[in-house]
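Undergrad: A structural model of the following input is requested.
(one chain, ligands or ions: 1)
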Amino acid sequence: MKPIIDILEQRVSDVMAVVAGESADAPAAIIKSSANPQFGDYQANGVMALAKKIKQNPRELAQQIVAKLDVGDMCEPPEVAGPGFINFRLKPGWLAQRLTEAICDPRRLGIDSCENPPTTVVDFSGPNIAKQMHVGHLRSTIIGDTIARVLEFWYGNPDKVIRQNHVGDWGTQFGMLVQYLIQHRINLAISSMQGSEADSLANLEDLYRKSKESFDNDPQFAASSRDCVVKLHNKDSSVMPFWQSIVKTSLDECQKIYDSLGVNLTEHDVRGESFYNDKLPSVISELSAAKLLQESDGAQCVFLDGFKTKEGEPLPMIVQKSDGAYLYATTDLAAIQYRVGQLRADRIIYVTDSRQKLHFEMLFACVRQAGWAGESVRLEHVPFGSVLGDDGKPFKTRSGENVKLKSLLDEAELRARQVVEEKNPDLPPDLKQRIAHAVGVGAVKYADLSNNLVTDYIFNWDKMLAMEGNTAPYMQYAYARVQSIFRKGQVDVADLLAQNHSLELAAPEEIGLAKLLLRYGEVVETVARDLRPHLLTTYLFDLAQTFSGFYTNCPVLKAEGTSRNTRLLLCYQTGRTIQHGLGLLGIETIEQM
Ligand code: ARG
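TA: Residues are numbered from 1 along each chain as shown. From the prediction side, this is the model:
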């Protein structure tokens, strides 16, 4: 089904074009859903702009448009309000018909997929090898996964979404890591096999620390490490297996975290910095051929219009240092060439913290100037803020270290388990554990996604695990509550759907809930376009609350005939919408809590 907002947009715009006549290009109708039900359900805001253009009184023009408008099938007679708004109120009969259609669509809840979806790369997670993932990477992983899920659904074709994990697996620090392994005859594959999981993680961290120590204090070690960098560069077979073992051990650890988070990322999505290594010289030569390269203090730089230092001097993007080394930016340039050229991407989305804002601005400007990505390719950076502790400072452990993702997720599950024990002590232990996992992981994800991305967010266990308020447990509970209605009434959903059900929306709570359910598609579309997941959590929270109001005022199981049927179907569609929406956020639902 076409979204209501689009149907109205089309019909009002058509009339506006007629009224404007051939002389003027009519502006869009600009339909918005109304924040206040007093003004109806939807509002057209574009009439004032047209009035200005064709020099007419906006209210009179709005009247004229209303007179010509044919929306009687779906709306009560539209009303002109204020300086020239048009308000629309949907008819209950029409709502019931649409809702039936949405209910009967088993897969897409009545939501059309977009036309001609662009092939889209979502670049997210991007941990750095040999270091543990920490809460900073958590945000990229969670937000990126959600964006990919939303786009897959909205595009209606999962093949159009390509996940790319741009891991930091290359660079001079690997020289010292490999040198350390060689010198101390450490075989990572064996040591991680012998040790527990935690050991292999700790091993890598340890390795990083110790090799750095040697590098800083032992000139001979530092010299051999530099040799090692050169060997790595030449893919020398005496060092490559060591590098590979480091990368593998580290990625295996990351994979465990992705799996326990329920994030759709696998080894197939990994295309780390090392992948682009042999493509870097040609990046430089092509920039040079495009006359974009300039030498500055021995380094190769690109100077782009509009980028200045604080002092007002031109700010260069350095692509090769004086010693010949390439940079993060050089690799990202190669990655864009690959994504546009090989993956045929029409849209590339980068999910990183906001400190990389300038990097991506320069990167995008550079590929535009070099002509490597034409205007038809959309390049988007989705920046996000930091995770803060209760004290408003960067989130750290009590002893001041970065919080490890693994211990964080363990704690989430433990705390969620306590909540389950309190609520439902009689459940079987393995079910309790399953619920605890879903609630714990869900709470962490939801807390992250329900904030406006760019603002820093405060990590607070009590808040994110609260059963009240805009939290995962509240949403999961709302879903479980709907399921409990069906259990209590011994309603068979398949039977319910198989019946020839004519929905009749009568009570204001029924009508309100139906309208909100039918807005789900609009919300998904907005999230897919603007890449702002919190709009989805806000909607779901609103839906759960509206459902609560409905359930308090409209008895379901005690109702009779068409009314019972209607209410059961409203429950059914609410449950599915919550489940589907949480699914787009990568959060599981549970049947009982
Ligand atoms: N490894 C990087 C970091 O931890 C993130 C990579 C983001 N993606 C990219 N194409 N630059 O900061």
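
Undergrad: what's the burial count for R564?
TA: Using other C-beta atoms under 10 Å, R564 is surrounded by 16 other residues. Yep, even glycine has a C-beta here, placed from its N, CA and C like the rest.

Undergrad: what's across from the residue of the stretch 401-550 of the chain at minimum distance from the ligand in the sheet?
TA: Using C-beta to the nearest ligand atom, the closest approach of the stretch 401-550 of the chain to the ligand is made by N402 at 12.7 Å. According to DSSP bridges, the residues that bridge with N402 are K396.

Undergrad: if you count neighbours, what's buried in whichever strand or helix holds Q433?
TA: Secondary structure from DSSP states H and E places Q433 in helix 429-449. Under the neighbour-count criterion of 16 or more other C-beta atoms under 10 Å, helix 429-449 has 432, 435-449 buried.

Undergrad: other SSEs contacting it?
TA: Applying 3 or more C-beta pairs under 8 Å, 6 or more residues apart in numbering; DSSP states H and E, one finds that helix 429-449 makes contact with helix 135-155, helix 240-261, helix 405-423, helix 461-464, helix 472-488, helix 534-553.

Undergrad: and the stretch 251-400 of the chain, which residues reach the ligand?
TA: Neighbours of the ligand within the stretch 251-400 of the chain, by C-beta under 6 Å from any ligand atom: D332, A335, Y350, T352.

Undergrad: of all the residues you listed, which comes closest to V493?
TA: Among these, Y350 lies closest to V493 (C-beta to C-beta), at 41.4 Å.

Undergrad: mind listing what that closest one touches?
TA: D123, F124, Q356, F360, E380, H381, V382 (C-beta atoms under 8 Å, 6 or more residues apart in numbering).

Undergrad: now the residues you listed: which count as buried?
TA: D123, F124, F360, H381, V382.

Undergrad: in CSV, list those along with pLDDT, secondary structure and distance to R339.
TA: Listed next are the buried ones among the contacts of Y350 as CSV, based on pLDDT from 0 to 100; DSSP: H, G, I helix; E, B strand; the rest coil; distance: C-beta to C-beta, whole Å:
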residue, pLDDT, secondary structure, distance to R339
D123, 98, strand, 8
F124, 98, coil, 14
F360, 98, helix, 14
H381, 98, strand, 14
V382, 97, strand, 16
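
Undergrad: of those residues, closest to the ligand?
TA: Once C-beta to the nearest ligand atom is applied, the member of these that ends up nearest the ligand is D123, at 4.8 Å.

Undergrad: tell me the bridge partners for that closest one.
TA: As assigned using DSSP bridges, the partners bridged with D123 are Q164, Y350.

Undergrad: so it makes contact with A345?
TA: No. Here D123 does not reach A345: they are 10.1 Å apart, not a contact under C-beta atoms under 8 Å.

Undergrad: and the strands in the chain?
TA: Ranges of strands in the chain, per DSSP state E, are 31-33, 42-44, 79-81, 85-88, 120-123, 161-164, 293-296, 299-308, 314-320, 347-353, 378-384, 387-388, 457-458.

Undergrad: near the ligand, which residues of this protein show up?
TA: Going by C-beta under 6 Å from any ligand atom, the residues of the chain near the ligand are D123, G126, N128, H166, G168, D332, A335, Y350, T352.

Undergrad: so what's the last one closest to, chain neighbours aside?
TA: What it means is T352. S140 (5.9 Å; C-beta to C-beta, 6 or more residues apart in numbering).

Undergrad: what is the neighbour count of the residue of the stretch 401-550 of the chain closest to the ligand?
TA: 15.

Undergrad: for the ligand, what's the nearest residue on this protein?
TA: For the chain, C-beta to the nearest ligand atom, closest residue to the ligand: G126, 3.0 Å.
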